[in-house]
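Undergrad: sequence below, structure please.
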Amino acid sequence: MNKKDIMTNWRWVMCAMLFFATTVNYMDRQVLSLTFKEFIQPEFHWTDADYGKITGVFSIAYAIFCLFAGKFIDWMGTKKGYLIAIVVWSLGAVLHAGCGWVTENIVGVADKAALLNATGALAASISMVSVWLFLACRLILGLGEAGNFTAAIKVTAEYFPKKDRAFATALFNAGASVGALAAPATIPLLAKSLGWEWAFIIIGALGFLWAGIWIFVYDKPEDSKHVNAAELEYIHQDEKDTPKQEAKEEKQMSFTEAFKHKQTWSFAFGKFMTDGVWWFFLFWAPAYFQDQFGIKASDPQGIALIFTLYAIVTVISLFGGYLPKIFVEKKGMEPYAGRMRAMLIFAFFPIIALFAQPLGGIYGPWAVAIIIGIVGAAHQSWSANIFSTTGDMFPKSAVATVTGIGAMAGGIGSYLINRGSGLLFTYAEKQGDLFAFFGFTGKPAAYMIVFCICAVAYLIGWSVMKILVPRHSPVVLK
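TA: So this is what the prediction gives:
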(Lines give C-alpha, C1' and ligand atoms only; values in the text may rest on other atoms or scores of the structure.)
Protein backbone atom coordinates (compact mmCIF):
# COMPACT_ATOMS: atom_id res chain seq x y z
CA MET A 1 0.00 0.00 0.00
CA ASN A 2 1.24 3.48 -0.89
CA LYS A 3 2.22 5.47 2.18
CA LYS A 4 -0.01 8.32 1.00
CA ASP A 5 -3.03 6.00 1.11
CA ILE A 6 -2.56 5.26 4.82
CA MET A 7 -5.07 7.35 6.73
CA THR A 8 -3.69 9.84 9.25
CA ASN A 9 -5.33 10.01 12.69
CA TRP A 10 -5.11 13.70 13.54
CA ARG A 11 -8.77 13.67 14.60
CA TRP A 12 -7.74 11.72 17.70
CA VAL A 13 -5.16 14.39 18.57
CA MET A 14 -8.06 16.87 18.44
CA CYS A 15 -10.07 14.56 20.66
CA ALA A 16 -7.15 14.45 23.13
CA MET A 17 -7.03 18.26 23.21
CA LEU A 18 -10.76 18.38 23.94
CA PHE A 19 -10.25 15.77 26.68
CA PHE A 20 -7.55 17.83 28.41
CA ALA A 21 -9.54 21.06 28.11
CA THR A 22 -12.55 19.37 29.69
CA THR A 23 -10.34 17.92 32.43
CA VAL A 24 -9.04 21.38 33.30
CA ASN A 25 -12.57 22.76 33.04
CA TYR A 26 -13.89 20.41 35.69
CA MET A 27 -10.90 20.75 37.97
CA ASP A 28 -11.43 24.52 37.98
CA ARG A 29 -15.10 24.02 38.86
CA GLN A 30 -14.33 21.62 41.68
CA VAL A 31 -11.74 23.65 43.56
CA LEU A 32 -14.53 25.46 45.39
CA SER A 33 -16.49 22.34 46.33
CA LEU A 34 -13.36 20.65 47.72
CA THR A 35 -12.28 23.66 49.77
CA PHE A 36 -15.71 24.95 50.85
CA LYS A 37 -16.61 22.90 53.88
CA GLU A 38 -13.16 22.57 55.46
CA PHE A 39 -11.37 25.80 54.54
CA ILE A 40 -13.60 28.51 53.09
CA GLN A 41 -16.77 28.15 55.15
CA PRO A 42 -15.02 28.63 58.52
CA GLU A 43 -12.97 31.56 57.22
CA PHE A 44 -15.90 33.47 55.74
CA HIS A 45 -18.73 32.20 58.01
CA TRP A 46 -20.88 30.87 55.15
CA THR A 47 -24.06 28.84 55.56
CA ASP A 48 -25.16 26.10 53.17
CA ALA A 49 -27.58 28.67 51.74
CA ASP A 50 -24.63 30.99 50.96
CA TYR A 51 -22.80 28.18 49.19
CA GLY A 52 -26.00 27.20 47.38
CA LYS A 53 -26.37 30.80 46.24
CA ILE A 54 -22.84 30.85 44.82
CA THR A 55 -23.17 27.50 43.02
CA GLY A 56 -26.69 28.36 41.88
CA VAL A 57 -25.80 31.79 40.49
CA PHE A 58 -22.79 30.24 38.78
CA SER A 59 -25.15 27.75 37.14
CA ILE A 60 -27.64 30.36 35.94
CA ALA A 61 -24.89 32.69 34.72
CA TYR A 62 -23.28 29.76 32.95
CA ALA A 63 -26.65 29.04 31.38
CA ILE A 64 -27.03 32.57 30.05
CA PHE A 65 -23.45 32.67 28.80
CA CYS A 66 -23.94 29.31 27.07
CA LEU A 67 -26.78 30.77 25.05
CA PHE A 68 -24.41 33.29 23.52
CA ALA A 69 -21.28 31.13 23.62
CA GLY A 70 -22.56 29.02 20.76
CA LYS A 71 -23.14 32.06 18.57
CA PHE A 72 -19.76 33.43 19.64
CA ILE A 73 -17.95 30.22 18.68
CA ASP A 74 -19.80 30.03 15.35
CA TRP A 75 -18.97 33.70 14.66
CA MET A 76 -15.40 33.80 15.95
CA GLY A 77 -14.43 30.40 14.62
CA THR A 78 -13.39 27.31 16.55
CA LYS A 79 -9.72 28.14 16.98
CA LYS A 80 -10.01 31.72 18.28
CA GLY A 81 -13.28 31.12 20.10
CA TYR A 82 -11.98 28.16 22.10
CA LEU A 83 -8.74 29.99 22.87
CA ILE A 84 -10.57 33.03 24.25
CA ALA A 85 -12.91 30.83 26.29
CA ILE A 86 -10.19 28.94 28.15
CA VAL A 87 -8.12 32.07 28.81
CA VAL A 88 -11.16 33.80 30.34
CA TRP A 89 -12.15 30.89 32.57
CA SER A 90 -8.56 30.33 33.70
CA LEU A 91 -8.35 33.99 34.68
CA GLY A 92 -11.60 33.66 36.61
CA ALA A 93 -10.28 30.58 38.42
CA VAL A 94 -7.08 32.32 39.51
CA LEU A 95 -8.95 35.42 40.70
CA HIS A 96 -10.71 33.38 43.42
CA ALA A 97 -7.42 33.39 45.30
CA GLY A 98 -7.69 37.12 45.95
CA CYS A 99 -11.13 37.02 47.57
CA GLY A 100 -9.75 36.68 51.11
CA TRP A 101 -7.33 39.58 50.75
CA VAL A 102 -10.00 41.85 49.25
CA THR A 103 -12.46 40.88 52.00
CA GLU A 104 -9.90 41.77 54.68
CA ASN A 105 -9.42 45.23 53.17
CA ILE A 106 -13.11 45.93 52.68
CA VAL A 107 -14.23 44.95 56.19
CA GLY A 108 -11.08 46.33 57.81
CA VAL A 109 -9.48 43.34 59.51
CA ALA A 110 -5.77 42.62 59.78
CA ASP A 111 -5.40 39.07 58.53
CA LYS A 112 -6.93 35.64 58.01
CA ALA A 113 -6.94 34.92 61.75
CA ALA A 114 -9.16 37.96 62.26
CA LEU A 115 -11.57 36.64 59.64
CA LEU A 116 -11.75 33.25 61.35
CA ASN A 117 -12.28 34.68 64.84
CA ALA A 118 -14.89 37.28 63.89
CA THR A 119 -18.31 37.11 65.52
CA GLY A 120 -21.63 38.91 65.41
CA ALA A 121 -22.06 41.79 62.97
CA LEU A 122 -18.45 41.56 61.77
CA ALA A 123 -18.86 37.88 60.86
CA ALA A 124 -22.07 38.71 58.99
CA SER A 125 -20.28 41.48 57.11
CA ILE A 126 -17.41 39.13 56.21
CA SER A 127 -19.89 36.56 54.95
CA MET A 128 -21.79 39.05 52.80
CA VAL A 129 -18.69 40.66 51.25
CA SER A 130 -16.93 37.37 50.54
CA VAL A 131 -20.03 35.84 48.96
CA TRP A 132 -20.27 38.74 46.50
CA LEU A 133 -16.56 38.53 45.69
CA PHE A 134 -16.75 34.80 45.03
CA LEU A 135 -19.86 35.38 42.92
CA ALA A 136 -17.93 37.86 40.77
CA CYS A 137 -15.13 35.34 40.24
CA ARG A 138 -17.62 32.58 39.47
CA LEU A 139 -19.25 34.80 36.85
CA ILE A 140 -15.92 35.21 35.06
CA LEU A 141 -15.29 31.47 35.39
CA GLY A 142 -18.75 30.71 34.00
CA LEU A 143 -18.33 33.18 31.13
CA GLY A 144 -15.27 31.31 29.88
CA GLU A 145 -16.43 27.79 30.72
CA ALA A 146 -19.60 28.32 28.70
CA GLY A 147 -17.45 28.07 25.59
CA ASN A 148 -15.94 24.68 26.39
CA PHE A 149 -18.66 22.24 25.39
CA THR A 150 -20.06 24.38 22.58
CA ALA A 151 -16.57 24.57 21.02
CA ALA A 152 -15.76 20.92 21.75
CA ILE A 153 -18.97 19.65 20.14
CA LYS A 154 -18.25 21.81 17.11
CA VAL A 155 -14.73 20.36 16.83
CA THR A 156 -16.22 16.86 17.07
CA ALA A 157 -18.69 17.64 14.28
CA GLU A 158 -15.81 19.00 12.18
CA TYR A 159 -13.44 16.09 12.70
CA PHE A 160 -15.65 12.98 13.03
CA PRO A 161 -18.35 11.29 10.91
CA LYS A 162 -21.71 10.84 12.60
CA LYS A 163 -21.18 7.20 13.52
CA ASP A 164 -18.06 8.08 15.55
CA ARG A 165 -19.23 11.27 17.22
CA ALA A 166 -20.82 9.74 20.30
CA PHE A 167 -17.67 7.71 20.98
CA ALA A 168 -15.42 10.74 20.40
CA THR A 169 -17.70 12.81 22.63
CA ALA A 170 -17.60 10.12 25.31
CA LEU A 171 -13.79 10.17 25.16
CA PHE A 172 -13.39 13.91 25.54
CA ASN A 173 -16.33 14.10 27.94
CA ALA A 174 -14.46 11.59 30.12
CA GLY A 175 -12.26 14.60 30.90
CA ALA A 176 -15.07 15.73 33.18
CA SER A 177 -14.73 12.50 35.12
CA VAL A 178 -10.93 12.55 35.07
CA GLY A 179 -10.93 16.18 36.19
CA ALA A 180 -13.30 15.28 38.98
CA LEU A 181 -11.07 12.26 39.70
CA ALA A 182 -7.81 14.23 39.80
CA ALA A 183 -9.33 17.05 41.84
CA PRO A 184 -9.81 15.22 45.19
CA ALA A 185 -6.32 13.71 44.90
CA THR A 186 -4.69 17.12 44.50
CA ILE A 187 -6.84 20.07 45.56
CA PRO A 188 -7.42 19.27 49.27
CA LEU A 189 -3.71 18.49 49.70
CA LEU A 190 -2.72 21.75 47.99
CA ALA A 191 -5.17 23.65 50.17
CA LYS A 192 -3.94 21.99 53.34
CA SER A 193 -0.23 22.42 52.61
CA LEU A 194 -0.13 25.76 50.77
CA GLY A 195 -3.47 27.37 51.58
CA TRP A 196 -6.75 27.21 49.66
CA GLU A 197 -5.70 30.23 47.58
CA TRP A 198 -2.86 28.30 45.93
CA ALA A 199 -5.24 25.53 44.93
CA PHE A 200 -7.12 28.03 42.76
CA ILE A 201 -3.91 29.52 41.34
CA ILE A 202 -2.17 26.25 40.44
CA ILE A 203 -5.23 24.57 38.92
CA GLY A 204 -6.21 27.76 37.08
CA ALA A 205 -2.75 28.05 35.51
CA LEU A 206 -3.24 24.73 33.68
CA GLY A 207 -5.68 26.42 31.34
CA PHE A 208 -3.08 28.92 30.16
CA LEU A 209 -0.75 26.01 29.36
CA TRP A 210 -3.46 24.35 27.24
CA ALA A 211 -4.13 27.60 25.38
CA GLY A 212 -0.49 27.84 24.35
CA ILE A 213 -0.61 24.36 22.80
CA TRP A 214 -3.99 24.90 21.09
CA ILE A 215 -2.62 27.77 19.01
CA PHE A 216 -0.24 25.41 17.23
CA VAL A 217 -2.26 22.21 16.85
CA TYR A 218 -5.73 23.25 15.63
CA ASP A 219 -6.86 23.96 12.10
CA LYS A 220 -10.00 22.87 10.28
CA PRO A 221 -9.51 19.41 8.73
CA GLU A 222 -9.48 20.90 5.23
CA ASP A 223 -6.68 23.30 6.21
CA SER A 224 -4.62 21.08 8.51
CA LYS A 225 -1.25 19.88 7.27
CA HIS A 226 -1.65 16.88 9.59
CA VAL A 227 -4.79 15.55 7.84
CA ASN A 228 -4.27 13.68 4.57
CA ALA A 229 -6.79 12.97 1.83
CA ALA A 230 -7.70 9.53 3.22
CA GLU A 231 -8.57 10.92 6.65
CA LEU A 232 -10.44 13.84 5.12
CA GLU A 233 -12.52 11.42 3.05
CA TYR A 234 -13.26 9.40 6.20
CA ILE A 235 -14.31 12.55 8.09
CA HIS A 236 -16.69 13.61 5.31
CA GLN A 237 -18.15 10.17 4.59
CA ASP A 238 -21.66 11.36 5.50
CA GLU A 239 -21.64 13.98 2.78
CA LYS A 240 -22.66 12.60 -0.60
CA ASP A 241 -22.27 15.95 -2.31
CA THR A 242 -19.56 17.65 -0.29
CA PRO A 243 -19.28 20.97 -2.17
CA LYS A 244 -23.05 21.47 -2.17
CA GLN A 245 -23.39 20.48 1.47
CA GLU A 246 -20.53 22.67 2.62
CA ALA A 247 -21.98 25.66 0.77
CA LYS A 248 -25.32 25.03 2.41
CA GLU A 249 -23.72 24.79 5.84
CA GLU A 250 -22.10 28.20 5.56
CA LYS A 251 -25.51 29.69 6.40
CA GLN A 252 -25.78 30.60 10.09
CA MET A 253 -28.84 29.80 12.20
CA SER A 254 -30.36 32.61 14.27
CA PHE A 255 -31.74 32.09 17.77
CA THR A 256 -35.23 32.79 16.46
CA GLU A 257 -34.93 30.11 13.81
CA ALA A 258 -33.34 27.63 16.23
CA PHE A 259 -36.27 27.90 18.64
CA LYS A 260 -38.71 27.14 15.83
CA HIS A 261 -37.43 23.58 15.58
CA LYS A 262 -38.71 20.84 17.89
CA GLN A 263 -35.24 19.26 17.66
CA THR A 264 -33.86 22.26 19.59
CA TRP A 265 -36.52 21.92 22.29
CA SER A 266 -35.89 18.19 22.56
CA PHE A 267 -32.18 18.68 23.16
CA ALA A 268 -32.77 21.61 25.53
CA PHE A 269 -35.32 19.74 27.67
CA GLY A 270 -33.06 16.71 27.97
CA LYS A 271 -30.26 18.97 29.21
CA PHE A 272 -32.58 20.88 31.57
CA MET A 273 -33.72 17.71 33.31
CA THR A 274 -30.32 16.05 33.70
CA ASP A 275 -27.43 18.52 33.91
CA GLY A 276 -28.40 19.54 37.43
CA VAL A 277 -27.94 15.96 38.67
CA TRP A 278 -24.28 15.95 37.67
CA TRP A 279 -23.66 19.45 39.01
CA PHE A 280 -25.37 18.65 42.30
CA PHE A 281 -23.05 15.72 42.96
CA LEU A 282 -20.05 17.69 41.69
CA PHE A 283 -20.70 20.61 44.04
CA TRP A 284 -22.20 18.85 47.05
CA ALA A 285 -20.61 15.38 47.33
CA PRO A 286 -17.63 16.55 49.46
CA ALA A 287 -19.97 18.52 51.73
CA TYR A 288 -22.30 15.51 51.95
CA PHE A 289 -19.58 13.19 53.23
CA GLN A 290 -18.57 15.75 55.86
CA ASP A 291 -22.17 16.48 56.91
CA GLN A 292 -23.31 12.87 57.03
CA PHE A 293 -20.18 11.02 58.13
CA GLY A 294 -17.83 13.71 59.48
CA ILE A 295 -15.25 12.95 56.76
CA LYS A 296 -13.33 16.01 55.51
CA ALA A 297 -12.20 16.35 51.89
CA SER A 298 -8.54 16.47 52.98
CA ASP A 299 -8.81 13.36 55.17
CA PRO A 300 -7.31 10.22 53.57
CA GLN A 301 -10.73 8.59 53.63
CA GLY A 302 -12.32 11.71 52.12
CA ILE A 303 -9.82 11.72 49.27
CA ALA A 304 -10.34 7.99 48.74
CA LEU A 305 -14.13 8.32 48.68
CA ILE A 306 -14.25 11.10 46.09
CA PHE A 307 -11.48 9.47 44.06
CA THR A 308 -13.31 6.13 44.03
CA LEU A 309 -16.58 7.81 43.11
CA TYR A 310 -15.10 9.44 40.02
CA ALA A 311 -12.99 6.40 39.15
CA ILE A 312 -16.25 4.51 38.75
CA VAL A 313 -17.63 7.35 36.63
CA THR A 314 -14.54 7.44 34.40
CA VAL A 315 -14.26 3.71 33.71
CA ILE A 316 -17.92 2.91 33.15
CA SER A 317 -18.82 6.03 31.17
CA LEU A 318 -16.35 5.22 28.38
CA PHE A 319 -18.67 2.40 27.33
CA GLY A 320 -21.53 4.88 27.07
CA GLY A 321 -20.25 6.46 23.89
CA TYR A 322 -19.51 3.07 22.34
CA LEU A 323 -22.95 1.53 22.93
CA PRO A 324 -24.77 3.41 20.11
CA LYS A 325 -21.89 2.50 17.79
CA ILE A 326 -22.73 -1.15 18.49
CA PHE A 327 -26.41 -0.50 17.75
CA VAL A 328 -25.52 1.24 14.48
CA GLU A 329 -22.82 -1.12 13.19
CA LYS A 330 -23.98 -4.46 14.61
CA LYS A 331 -27.75 -3.96 14.68
CA GLY A 332 -27.97 -1.78 11.57
CA MET A 333 -29.85 1.01 13.34
CA GLU A 334 -29.87 4.60 12.13
CA PRO A 335 -27.49 6.73 14.33
CA TYR A 336 -30.21 8.78 16.04
CA ALA A 337 -32.31 5.69 16.80
CA GLY A 338 -29.24 3.91 18.19
CA ARG A 339 -28.39 6.91 20.33
CA MET A 340 -31.91 7.15 21.77
CA ARG A 341 -31.92 3.41 22.51
CA ALA A 342 -28.65 3.80 24.42
CA MET A 343 -29.93 6.86 26.30
CA LEU A 344 -33.01 4.96 27.46
CA ILE A 345 -30.76 2.28 28.94
CA PHE A 346 -28.68 4.91 30.73
CA ALA A 347 -31.82 6.65 32.03
CA PHE A 348 -32.71 3.67 34.22
CA PHE A 349 -29.44 3.55 36.18
CA PRO A 350 -29.95 6.78 38.21
CA ILE A 351 -32.95 5.17 39.90
CA ILE A 352 -30.47 3.58 42.32
CA ALA A 353 -29.95 7.06 43.81
CA LEU A 354 -33.11 6.28 45.81
CA PHE A 355 -31.05 3.81 47.86
CA ALA A 356 -28.03 6.05 48.55
CA GLN A 357 -29.28 7.47 51.83
CA PRO A 358 -30.78 4.24 53.25
CA LEU A 359 -27.76 2.10 52.35
CA GLY A 360 -25.39 4.79 53.61
CA GLY A 361 -27.00 4.46 57.02
CA ILE A 362 -26.46 0.68 56.97
CA TYR A 363 -23.14 0.19 55.18
CA GLY A 364 -21.51 3.59 55.59
CA PRO A 365 -20.03 6.14 53.15
CA TRP A 366 -18.56 3.63 50.71
CA ALA A 367 -22.02 2.44 49.69
CA VAL A 368 -22.99 6.02 48.89
CA ALA A 369 -19.77 6.66 46.96
CA ILE A 370 -20.38 3.59 44.78
CA ILE A 371 -24.01 4.54 44.12
CA ILE A 372 -23.16 8.14 43.22
CA GLY A 373 -20.35 6.83 41.01
CA ILE A 374 -22.80 4.63 39.06
CA VAL A 375 -25.27 7.52 38.72
CA GLY A 376 -22.44 9.77 37.56
CA ALA A 377 -21.31 7.20 34.98
CA ALA A 378 -24.87 6.95 33.67
CA HIS A 379 -24.98 10.74 33.40
CA GLN A 380 -21.71 10.97 31.48
CA SER A 381 -22.86 8.21 29.12
CA TRP A 382 -26.17 10.03 28.65
CA SER A 383 -24.33 13.34 28.18
CA ALA A 384 -22.03 12.01 25.45
CA ASN A 385 -25.03 10.86 23.46
CA ILE A 386 -27.34 13.81 24.00
CA PHE A 387 -24.58 16.15 22.84
CA SER A 388 -24.17 14.06 19.71
CA THR A 389 -27.86 14.38 18.81
CA THR A 390 -27.15 17.97 17.74
CA GLY A 391 -24.72 16.71 15.10
CA ASP A 392 -27.35 14.18 13.98
CA MET A 393 -30.02 16.82 13.54
CA PHE A 394 -28.32 20.10 12.62
CA PRO A 395 -25.76 21.21 10.00
CA LYS A 396 -22.27 21.91 11.31
CA SER A 397 -22.67 25.68 11.12
CA ALA A 398 -25.56 25.50 13.60
CA VAL A 399 -24.19 22.89 16.02
CA ALA A 400 -22.52 25.32 18.42
CA THR A 401 -25.59 27.58 18.51
CA VAL A 402 -27.96 24.73 19.36
CA THR A 403 -25.45 23.26 21.82
CA GLY A 404 -25.33 26.64 23.53
CA ILE A 405 -29.11 26.72 23.84
CA GLY A 406 -29.10 23.25 25.37
CA ALA A 407 -26.29 24.16 27.74
CA MET A 408 -28.31 27.20 28.80
CA ALA A 409 -31.26 24.95 29.60
CA GLY A 410 -28.95 22.64 31.55
CA GLY A 411 -27.60 25.60 33.49
CA ILE A 412 -31.11 26.68 34.47
CA GLY A 413 -31.83 23.19 35.74
CA SER A 414 -28.53 23.23 37.63
CA TYR A 415 -29.37 26.59 39.20
CA LEU A 416 -32.68 25.28 40.48
CA ILE A 417 -31.21 22.15 42.06
CA ASN A 418 -28.14 23.84 43.59
CA ARG A 419 -29.87 26.96 44.87
CA GLY A 420 -32.82 24.92 46.06
CA SER A 421 -30.57 22.37 47.77
CA GLY A 422 -28.65 25.04 49.68
CA LEU A 423 -31.86 26.62 50.97
CA LEU A 424 -33.34 23.21 51.75
CA PHE A 425 -30.28 22.02 53.68
CA THR A 426 -30.10 25.19 55.77
CA TYR A 427 -33.85 25.02 56.53
CA ALA A 428 -33.76 21.30 57.37
CA GLU A 429 -30.78 21.77 59.68
CA LYS A 430 -32.63 24.49 61.60
CA GLN A 431 -35.82 22.42 61.84
CA GLY A 432 -34.03 19.30 63.04
CA ASP A 433 -36.37 16.42 63.88
CA LEU A 434 -39.39 18.50 62.84
CA PHE A 435 -38.31 18.10 59.21
CA ALA A 436 -38.93 14.53 58.08
CA PHE A 437 -39.04 12.62 54.79
CA PHE A 438 -39.07 8.85 54.13
CA GLY A 439 -37.98 8.02 57.67
CA PHE A 440 -35.14 10.58 57.78
CA THR A 441 -35.11 13.81 59.74
CA GLY A 442 -33.16 17.06 59.54
CA LYS A 443 -30.49 17.46 56.87
CA PRO A 444 -30.46 13.70 55.98
CA ALA A 445 -34.15 14.08 55.03
CA ALA A 446 -33.24 17.01 52.79
CA TYR A 447 -30.56 14.98 51.04
CA MET A 448 -33.08 12.18 50.53
CA ILE A 449 -35.45 14.59 48.76
CA VAL A 450 -32.74 15.69 46.34
CA PHE A 451 -31.66 12.09 45.68
CA CYS A 452 -35.27 11.26 44.74
CA ILE A 453 -35.32 14.09 42.20
CA CYS A 454 -32.05 12.91 40.71
CA ALA A 455 -33.36 9.35 40.42
CA VAL A 456 -36.24 10.12 38.04
CA ALA A 457 -34.82 13.06 36.08
CA TYR A 458 -33.41 11.03 33.18
CA LEU A 459 -36.51 8.98 32.46
CA ILE A 460 -38.61 12.14 32.39
CA GLY A 461 -36.07 13.84 30.12
CA TRP A 462 -35.88 10.89 27.70
CA SER A 463 -39.67 10.54 27.49
CA VAL A 464 -40.19 14.17 26.51
CA MET A 465 -37.32 14.03 24.00
CA LYS A 466 -38.87 10.95 22.39
CA ILE A 467 -42.28 12.63 22.18
CA LEU A 468 -40.82 15.74 20.55
CA VAL A 469 -38.54 13.90 18.08
CA PRO A 470 -39.70 10.28 17.77
CA ARG A 471 -37.40 9.51 14.83
CA HIS A 472 -34.46 10.98 12.92
CA SER A 473 -35.55 14.31 11.44
CA PRO A 474 -32.61 16.46 10.28
CA VAL A 475 -32.97 20.24 10.03
CA VAL A 476 -32.25 21.80 6.65
CA LEU A 477 -31.34 25.48 6.53
CA LYS A 478 -33.03 27.35 3.71
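
Undergrad: in this structure, which helix or strand is least confident?
TA: One helix or strand of the chain scores below all others by mean pLDDT, DSSP states H and E: helix 242-249, with a mean of 45.

Undergrad: pull out the buried positions in the helix or strand following that helix.
TA: Per DSSP states H and E, the first helix or strand lying C-terminal to helix 242-249 is helix 255-258. Residues of helix 255-258 classed as buried: 255, 257, 258 (neighbour count, 16 or more other C-beta atoms under 10 Å). Yep, even glycine has a C-beta here, placed from its N, CA and C like the rest.

Undergrad: distance of the first one relative to residue 268?
TA: Looking back up the chat, that one is residue 255. The gap separating residue 255 from residue 268 is 12 Å, by C-beta to C-beta, to the nearest Å.

Undergrad: next, show the common contact partners of these two.
TA: residue 405 (C-beta atoms under 8 Å, 6 or more residues apart in numbering).

Undergrad: of the buried residues of helix 255-258, the lowest pLDDT goes to which?
TA: Among the buried residues of helix 255-258, residue 255 carries the weakest pLDDT, at 80.

Undergrad: distance from the longest helix anywhere in the chain to the middle of the chain?
TA: For the chain, the helix with the greatest residue count under DSSP state H is helix 120-159. Relative to its chain's centre, helix 120-159 lies at 12 Å (C-alpha atoms, centre = their mean, to the nearest Å).

Undergrad: can you give me the neighbour number for residue 333?
TA: 17 (other C-beta atoms under 10 Å).

Undergrad: does it touch residue 327 like I think?
TA: Yes: Residue 333 is in contact with residue 327 according to C-beta atoms under 8 Å; the separation is 4.6 Å.

Undergrad: okay, and the common contacts of these two?
TA: residue 341.

Undergrad: so how far is residue 447 from residue 134?
TA: Distance from residue 134 to residue 447, by C-beta to C-beta: 24 Å.

Undergrad: check residue 198 too.
TA: According to C-beta to C-beta, residue 198 stands 31 Å off from residue 447.

Undergrad: those two: which is more packed in?
TA: Comparing residue 198 with residue 447 by neighbour count (other C-beta under 10 Å), the higher total belongs to residue 447, at 24 against 13.

Undergrad: what separates the nearest residue to residue 29 once chain neighbours are set aside from residue 153, distance-wise?
TA: The shortest distance from residue 29 to any non-neighbouring residue, by C-beta to C-beta, 6 or more residues apart in numbering, is to residue 282 (6.6 Å). Noted for residue 282: a distance of 20 Å to residue 153, by C-beta to C-beta.

Undergrad: those two: which is more packed in?
TA: Ranked by neighbour count (other C-beta under 10 Å), residue 282 and residue 153 place residue 153 first, with 29 against 22.

Undergrad: need the per-residue pLDDT for that one.
TA: 84.

Undergrad: then residue 252?
TA: With respect to pLDDT, residue 252 scores 70.

Undergrad: can you get me a residue count around it?
TA: So residue 252, with other C-beta under 10 Å, has 14 neighbours.

Undergrad: got it, and residue 108?
TA: 9.

Undergrad: which residues of the stretch 301-450 of the chain fall in strands?
TA: Assigned by DSSP state E, counting those that start in this stretch, the stretch 301-450 of the chain shows strands spanning 436-437, 440-441.

Undergrad: and stretch 340-351, which residues are buried?
TA: Residues of stretch 340-351 classed as buried: 340, 341, 342, 343, 344, 346, 347, 349, 350 (neighbour count, 16+ other C-beta under 10 Å).

Undergrad: ditto for stretch 461-477
TA: 461, 462, 464, 465, 468, 469, 475.

Undergrad: where does the spatially closest residue to the third one that is not a sequence neighbour land in three-state SS?
TA: Using C-beta to C-beta, 6+ apart and skipping residues adjacent in sequence, the residue nearest residue 464 is residue 269, 5.0 Å away. When the structure is reduced to helix, strand and coil (DSSP: H, G, I helix; E, B strand; the rest coil), residue 269 reads as helix.

Undergrad: re earlier: take the buried residues of helix 255-258 and write them to TSV, including distance to residue 188.
TA: Below are those laid out as TSV (distance: C-beta to C-beta, whole Å):
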residue	distance to residue 188
255	42
257	47
258	42
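
Undergrad: if we can go back for a sec, I'd like to know which of the buried residues of stretch 461-477 is nearest to residue 358.
TA: residue 461 (24.8 Å; C-beta to C-beta).

Undergrad: other SSEs contacting whichever strand or helix holds that closest one?
TA: When elements are defined using DSSP H and E, residue 461 is found to belong to helix 442-468. Packing partners of helix 442-468 (3 or more C-beta pairs under 8 Å, 6 or more residues apart in numbering; DSSP states H and E): helix 262-293, helix 335-348, helix 356-363, helix 365-393, helix 396-431, strand 436-437.

Undergrad: for the longest one, packing partners?
TA: Counting contacts by 3+ C-beta pairs under 8 Å, 6+ apart, helix 396-431 is packed against helix 48-76, helix 120-159, helix 255-258, helix 262-293, helix 365-393, helix 442-468.

Undergrad: right, and those helices - which one's nearest residue 168?
TA: Ranked by C-beta to C-beta, the member of the helices and strands packed on helix 396-431 that lies closest to residue 168 is helix 120-159, at 5.2 Å.

Undergrad: now do the closest one against helix 48-76, angle only.
TA: 30 degrees (axes from the mean of the first three to the mean of the last three C-alpha atoms, to 10 degrees).

Undergrad: okay, the angle between the next helix or strand after helix 120-159 and helix 262-293?
TA: Next helix or strand after helix 120-159 toward the C-terminus (DSSP H and E): helix 162-194. Angle of helix 162-194 versus helix 262-293, following the same axes, to 10 degrees, is 30 degrees.
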